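Q: fold the following, please.
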Amino acid sequence: MIKLQVIGNLGKDCIVKEINGKNVINFSVAHTERFKDQQGNQKERTTWVECAYWTDRTAVAQYLTKGKTVYAEGAPEADAYTNKEGQAAATLRMRVQSLQLLGGNSGDSQGATAGNVSHVSNTAAPVQRTNPAPEPAAADDLPF
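A: Next comes the predicted model:
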C-alpha cells in the first residue's frame, strides 16, 4: 500500500454528499512549502490535495471549515489532464483513512471526537509526561 500523509489548511468548507447510500465528505487541503532559490530569493510552492473521506460519522463536517488545519492520511491517486490553457496538469487526490483536526482560524477551545477524528484547538495545554522516560540500556545490558 502507498500511503500519503498531509498537514495543511482547508481551502474551503467541506461538502457532504450521499452516493449510493454511503456518505462522503469532500474537502481540499493546501500545503505551502517555503524555500529559497539559488539566488537566495524567498519562494513558495503550494500543493493542493483533493480529499474524499467515506464515513458514516458526518458530524465532523461541522469542523471542516475554510482555514482549519488538518492532518489526513490515506491512499493517493493522481489524475493527469490538459488545462484550459492547453498545458499538461495533474490533480492529487486522497481517499482518507484517518483524519485529525489540528485547529486553525476559529480560535475556539472546544474539543470533539468522532471515531478516529479528533479536534484539538491551538489553545490546548501541552502534554505533560507523568512518568519519566526509562534510561537507555548500557552497552553491556543489550541482549546481542
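
Q: leaving out chain neighbours, which residue sits closest to the residue positioned nearest the centre of the chain?
A: Nearest residue to the geometric centre of the chain (C-alpha atoms, centre = their mean): residue 71, 2.6 Å. Leaving aside its sequence neighbours, residue 71 sits nearest to residue 100 (C-beta to C-beta, 6 or more residues apart in numbering; 4.4 Å). Yep, even glycine has a C-beta here, placed from its N, CA and C like the rest.

Q: lowest average confidence, helix or strand, in this structure?
A: Within the chain, no helix or strand scores below strand 112-114, which has a mean of 38 by mean pLDDT, DSSP states H and E.

Q: show me what contacts residue 24?
A: By C-beta atoms under 8 Å, 6 or more residues apart in numbering, the residues touching residue 24 are 16-18, 52-55.

Q: out of those, which are buried?
A: 16, 52-53, 55 (16 or more other C-beta atoms under 10 Å).

Q: which two among those residues are spaced furthest apart?
A: Across the buried ones among the contacts of residue 24, no pair lies farther apart than 16 and 52, at 11.2 Å, counting by C-beta to C-beta.

Q: need the residues touching each of these two.
A: 24-26.

Q: possible to save those residues as a markdown table with distance to residue 7?
A: Below are those laid out as a markdown table (distance: C-beta to C-beta, whole Å):
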| residue | distance to residue 7 |
| --- | --- |
| 24 | 22 |
| 25 | 18 |
| 26 | 19 |
